[in-house]
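[1] predicted model and sequence follow; I will ask about them next.
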Amino acid sequence: MDAKVDVVILGGGIAGLWLLDCLLQAGFNACVLNKGDLGQGQSIAAQGIIHGGSKYFNDSDVSDLAPMPDRWRQSLSGQSGPDLSAAPVLADAMGMWLPRRFGSGIVARLAKKSLLRQVRERGPDDRPSVLPHGLDGNLFDVDEAVIDVPKVLQALYDLHPGQVRGLPVDGNIAITERDDGGVNVMAGGNTVQAQRVVCTAGAGNETLLAAAGLQGIKCQRRPLQQIIIRGMAVPIYLHCIGRNPKPLATITSHADPLGGYYWYVGGLLAEDGVGRRPEQLIATARDELSRLLPGADFTAARWATHTVDRAEPAGAAGAGLGRRPGFALALARGPLIVGWPTKLALAPVLADKVLALLAEAGVRPEIHDPGARDLTRLANLPVPAVARPPWEMVGQWN
């Protein structure tokens, strides 16, 4: 036995690192084991929007999302939860642009869902330059901060660096239930004994569930092909809304060290771009964004795309196969808990649900060995780095 802890977390994205802090604050001895860079895959590809549910105009359940802007703000200011005061906030609010031909019905649905308290309408003279004066429509500020995902990952890691370890290149893990109800995790020639193991590895959850013999828990993928635009003169943070319940385009901005900004574009453009050649999607995005944002200057723009798999539980609680679950989900099977936040913003809710499952099972902190807490016996495992964001990984710009 190389180490003995209360809880092993497999997966070092934002959900796993947030959960680590919550477990340690609750008195548990916990550690994170991560394959590759921290946040690689789903976390680092996120746009960093702390959704509160305002952009969902259909019947989606937003009960988990509604408190998230306030809860994240408390962490980002260092007031409660994981102290993320070292991570800058890119924007205090997202804009929501509704062209006049679409706007009235959506505003009515906002009112029906009592979401107007989360938005503030901006006057025609209080608009970004991409929405020139005289353009017919409504612009709202939405109570959704935008975080710098790489810096949040770094801040979460820096809270407990001694409790986070990487896995060898092959990343192979064996999960074995013990006769006493606990679990052993074997990785890289090391064996970690724990009361519980929690899988928060996103797309990697499928492999981990198979390693634990739990193929009965179904997973699904909903891919995106995000658009990256380099060379933009101004930053914007904007949902562009049409007749579809989902935004036509959602844009966040990130500073380019060489000057200007990257625009990182999701929404329907990214969903409908799945399976298309990058040059086809870029041509569509250029036309659509020029129409939606007639004041945007794309003359110096360079374009690229980035593909990401959103990994989620399949058909969770009536969500329907292939549909987006509207809530965080944690399931317990013996000593294994598997969790999906489903959205970056829901990492705090997932941590709550994992802690509730531990309480229901009567799992209490037991390991108080300071040497085990520092994971000194796992010194042969590598120290992981934070993943680089998609715009830094582009090989060729169009």
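    Ah, there it is.
[2] report pLDDT for residue 355.
    Predicted confidence (pLDDT) for residue 355: 98.
[3] now the stretch 151-300 of the chain, which segments are flagged as low pLDDT?
    Where the stretch 151-300 of the chain drops to pLDDT under 70, the residues are 171, 245.
[4] and the helices in it?
    Along the stretch 151-300 of the chain, the segments classed as helices by DSSP state H, counting those that start in this stretch run 205-211, 268-272, 278-292.
[5] for this structure, longest strand please?
    strand 219-232 (DSSP state E).
[6] packing partners of that one?
    On a contact count with 3 or more C-beta pairs under 8 Å, 6 or more residues apart in numbering; DSSP states H and E, strand 219-232 meets helix 205-211, strand 261-266, helix 268-272, helix 278-292, strand 302-313. Placement of C-beta: from N, CA and C, glycine included.
[7] a markdown table for the helices of the stretch 151-300 of the chain, including distance to residue 299?
    Formatted as a markdown table, the helices of the stretch 151-300 of the chain follow (distance: least, C-beta to C-beta, whole Å):
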| stretch | distance to residue 299 |
| --- | --- |
| helix 205-211 | 44 |
| helix 268-272 | 20 |
| helix 278-292 | 11 |
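[8] domain map for the protein?
    3-45+151-220+311-392, 89-146+221-310 (automatic domain parsing).
[9] minimum distance to residue 71: which of those has it?
    When the domains of the chain are compared by C-beta to C-beta, domain 3-45+151-220+311-392 sits nearest residue 71, at 5.3 Å.
[10] got a markdown table for the helices of the stretch 151-300 of the chain, with mean neighbour count and distance to residue 192 too?
    As requested, those are exported to a markdown table (neighbours: other C-beta atoms under 10 Å; distance: least, C-beta to C-beta, whole Å):
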| stretch | mean neighbour count | distance to residue 192 |
| --- | --- | --- |
| helix 205-211 | 19 | 14 |
| helix 268-272 | 19 | 38 |
| helix 278-292 | 16 | 42 |
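[11] for residue 199, find the nearest of these.
    When the helices of the stretch 151-300 of the chain are compared (using C-beta to C-beta), the closest one is helix 205-211, at 4.6 Å.
[12] which residue sits closest to the residue most central in space within the chain, ignoring its sequence neighbours?
    With distances taken as C-alpha atoms, centre = their mean, residue 344 lies nearest the centre of the chain, 2.5 Å away. Once flanking residues are discounted, residue 344 sits nearest to residue 46: 4.4 Å by C-beta to C-beta, 6 or more residues apart in numbering.
[13] can I get the helices and strands packed on strand 219-232 in JSON lines with distance to residue 336?
    Below are the helices and strands packed on strand 219-232 laid out as JSON lines (distance: least, C-beta to C-beta, whole Å):
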{"stretch": "helix 205-211", "distance to residue 336": "8"}
{"stretch": "strand 261-266", "distance to residue 336": "32"}
{"stretch": "helix 268-272", "distance to residue 336": "32"}
{"stretch": "helix 278-292", "distance to residue 336": "39"}
{"stretch": "strand 302-313", "distance to residue 336": "14"}
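[14] other residues contacting stretch 267-274?
    223-227, 239-240, 242, 244, 246-250, 281, 284-285, 288, 305, 307 (C-beta atoms under 8 Å, 6 or more residues apart in numbering).
[15] residues contacting the residue nearest to residue 344?
    With the criterion set at C-beta under 8 Å, 6+ apart, residue 46 makes contact with 14, 149, 344.
[16] which ones among these are found in helices?
    14, 149 (DSSP state H).
[17] nearest to residue 355 among the contacts of residue 46?
    residue 14 (16.8 Å).
[18] and the closest residue to residue 136 other than its chain neighbours, how many neighbours?
    Leaving out its chain neighbours, the residue that sits closest to residue 136 by C-beta to C-beta, 6+ apart is residue 100, at 4.2 Å. Around residue 100 there are 10 other residues, counting by other C-beta atoms under 10 Å.
[19] how close does residue 100 get to residue 346?
    Distance, residue 100 to residue 346, using C-beta to C-beta, to the nearest Å: 33 Å.
[20] and if you look at residue 218?
    20 Å.
[21] those two: who's more crowded?
    Neighbours were tallied for residue 218 and for residue 346 using other C-beta under 10 Å; the higher tally belongs to residue 346 (26 against 12).
[22] list the contacts of the more buried one.
    Residue 346 neighbours (C-beta under 8 Å, 6+ apart): 64, 65, 68, 327, 328.
[23] and if you look at residue 94?
    Per C-beta under 8 Å, 6+ apart, neighbours of residue 94: 49, 141, 142, 144, 146, 237, 238, 239, 250.
[24] now the second one. Nearest residue, chain neighbours left out?
    If the residues on either side of it in the chain are set aside, residue 141 comes closest to residue 93, at 4.3 Å by C-beta to C-beta, 6+ apart.
[25] rewinding a little: buried ones only from the contacts of stretch 267-274, please, as a PyMOL command.
    Here is the PyMOL command that selects the buried residues among the contacts of stretch 267-274 (16 or more other C-beta atoms under 10 Å):
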select buried, resi 224+225+226+227+239+240+242+246+247+248+249+250+281+285+288+305
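[26] returning to what we had before: quickly note the distance from the residue nearest to residue 136 to residue 152.
    In terms of C-beta to C-beta, residue 100 sits 37 Å off from residue 152.
[27] for residue 43, same thing?
    Taken as C-beta to C-beta, the span from residue 43 to residue 152 is 9 Å.
[28] what's the answer for residue 176, then?
    Residue 176 is 34 Å from residue 152, by C-beta to C-beta.
[29] ok, those two, which is more surrounded?
    Taking neighbours as other C-beta under 10 Å, residue 176 and residue 152 compare with residue 152 leading, 29 against 14.
[30] without its sequence neighbours, what residue ends up closest to the more buried one?
    In space, residue 152 is closest to residue 87, 4.5 Å off (C-beta to C-beta, 6+ apart).
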